Every structure is written in structure tokens, then in C-alpha cells.
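1. Here is a sequence together with a model predicted from it:
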Amino acid sequence: MKIQCILATGNADKVREVREILSGRGIPVYSTKELGISSDPEETGTSFEENAMIKAEAAAKLVMERPDLRERFAPGCNRTSVTAVIADDSGLVIDAMDGAPGIQSARFMGHETSYREKMTAILGKMRDVPDEERSARFVAAIAAVILPHAESDSGERFAVRGTMEGRIGHEIRGEHGFGYDPFFFLPEYGRTSAELLPEEKNRISHRGQGIRAMTDELIRRYGTEN
């Protein structure tokens, strides 16, 4: 069965990263922005998984409300293909800050605040925290809503999670990646996440692990790779 994905995001960095991760798997990825859909639901969940599902469900609803997209991605009783609307909710969990910023990572200190400002503030809070207590992890929950092929279909829903362990460094370093990557230090590499080349990061990143786990689950449920 042919599998295709609609990624519920307008973030070009995330779209690029997901496509790089899925390169060679034969699964096309379309972003909601490319399809002319704008979805920004209120994230009222208490976990990464709940917020990811809120975003996936909101985007799937908008796809089904557009006749052209419904015909393209959920064409009647066509059982030769399956479309998964997927969304991620990711963030940084810092043990010394009791798990903050966590699910508030993007909203920490306000959306208008740059990530450099956010990182500088966190480094200030952790100035006297020793290395052994600076443990942290990136978490990415990937949720999927399968578009129904008939009105009687409920549309399956499920989620997976990926994590990347590391610690908060003492400075902001690196030009790759985005978000909190420049101060997330990976001891086994001796570099921050932002100092890794994209292909290196994609092999170990929380989003890479989550997207690969989601791809494996889609293939397990709906057929072989395209």
C-alpha cells in the first residue's frame, strides 16, 4: 500500500529535517503550508503526545474540509494508499529546572523572544550548576491521524516518541540546527547539537528517532515501503 504523509507545520526547518530523515524511504511528505492550510490550534495538552495529537487532528480536519484535498488524499474507498497527517510536539527537558521548559519550550519567555535570548537566560539560571547536574534531553512526540476513506471510518490515531540525551553546555556554539541546539551539549561527540552536520544530527536526534519510529509503525500497519 502506498503511504504518504502530510506534515502539520509551517516551519520550513522541520519540513526540511523530516524530508532528510525520510530520504530513501519512498514516502512523500507534504507540508500543510504547501497545501494552503494554516492551522494553529491552542495546545492545551499536558504532555508532548497530547499536544502533538491536537495539532495532527486539527490539520486532518482542515484537509477533510477541502474537497480538492479530500479527493487527493482520502479518495473515497481507495484502499491502495493511506495518508497520515502527522504532527510533532517537541521540546527541551532540563532536570535541574524540574523539567522546564518542557512542553512550553517554544513559548518559554514568549514567542517573540529569540532562542538566543532564551538560551542566555537559561545559562544564567544554571551558571553555578555543575556538569554532572546539567543533564537534559530533547523529546519529540510524533502523532498521526490516518485520513478516513469513507464516512464510516473513524481514522486511526496513534503516537510515538523519540529522545536525545545530553546536557546543557556552558556557552552557545554552532551554526547548524535551530531552536535550543546551540547549547545542547553531547558529551560523546564533544560538540553541541548545532555543531553536528545535518546528517550526523538526523541519525541521533529526537525528531529523527521519532520520525523513523513513526515510519516503521506506518509500514507495520499499512504495508511495505513504497
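-> Sure, I can see it. Numbers count the residues shown, from 1 in each chain.

2. So in the protein, where's the weakest helix or strand by average pLDDT?
-> The weakest-scoring helix or strand in the chain, judged by mean pLDDT, DSSP states H and E, is helix 12-21 (a mean of 85).

3. Flag every buried residue along that helix.
-> Buried residues in helix 12-21, counting neighbours by 16 or more other Cβ atoms under 10 Å, are found at 14, 15, 17, 18, 19, 21. C-beta here means a position set from N, CA and C on the backbone, and glycine is covered the same way.

4. What residues sit buried inside stretch 18-31?
-> In stretch 18-31, counting by 16+ other Cβ under 10 Å, buried: 18, 19, 21, 22, 25, 27, 29, 30, 31.

5. hang on, the earlier thing: from the buried residues of helix 12-21, which is closest to residue 104?
-> Residue 104 lies nearest to residue 14 out of the buried residues of helix 12-21, by Cβ to Cβ, at 18.1 Å.

6. coming back round to it: which other helices and strands contact the least confident helix or strand of the chain?
-> Judged by 3 or more Cβ pairs under 8 Å, 6 or more residues apart in numbering; DSSP states H and E, helix 12-21 is in contact with strand 2-7, strand 29-31, helix 198-204, helix 206-222.

7. mind listing the helices for the protein?
-> With DSSP state H as the criterion, the chain has helices at 12-21, 48-65, 67-73, 115-125, 198-204, 206-222.

8. Please name whichever of those helices is nearest to residue 187.
-> That would be helix 198-204 among these, by Cβ to Cβ, at 12.6 Å.

9. In PDB, please show the C-alpha coordinates belonging to that closest one.
-> The C-alpha trace of helix 198-204 is given here as PDB (Å, rounded to 0.1, in the frame of the first residue of the first chain):
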ATOM      1  CA  PRO A 198      22.700  17.700   9.500                       C
ATOM      2  CA  GLU A 199      23.300  14.100   8.500                       C
ATOM      3  CA  GLU A 200      25.000  13.400  11.900                       C
ATOM      4  CA  LYS A 201      22.200  15.100  13.800                       C
ATOM      5  CA  ASN A 202      19.500  13.300  11.900                       C
ATOM      6  CA  ARG A 203      21.000   9.900  12.900                       C
ATOM      7  CA  ILE A 204      20.700  10.600  16.600                       C
END
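
10. one step back: now the helices and strands packed on helix 12-21 in a markdown table, with mean pLDDT and distance to residue 105?
-> A markdown table is the format used below for these (pLDDT from 0 to 100; distance: least, Cβ to Cβ, whole Å):
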| stretch | mean pLDDT | distance to residue 105 |
| --- | --- | --- |
| strand 2-7 | 92 | 19 |
| strand 29-31 | 93 | 21 |
| helix 198-204 | 89 | 17 |
| helix 206-222 | 91 | 12 |
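
11. Out of the ones you listed, which is the most enclosed?
-> Across the helices and strands packed on helix 12-21, averaging neighbours per residue (mean count of other Cβ atoms under 10 Å) puts strand 2-7 on top, at a mean of 22.

12. Check the offset of that one from the chain's centre.
-> Here strand 2-7 is found 15 Å from its chain centre; the criterion is Cα atoms, centre = their mean, to the nearest Å.
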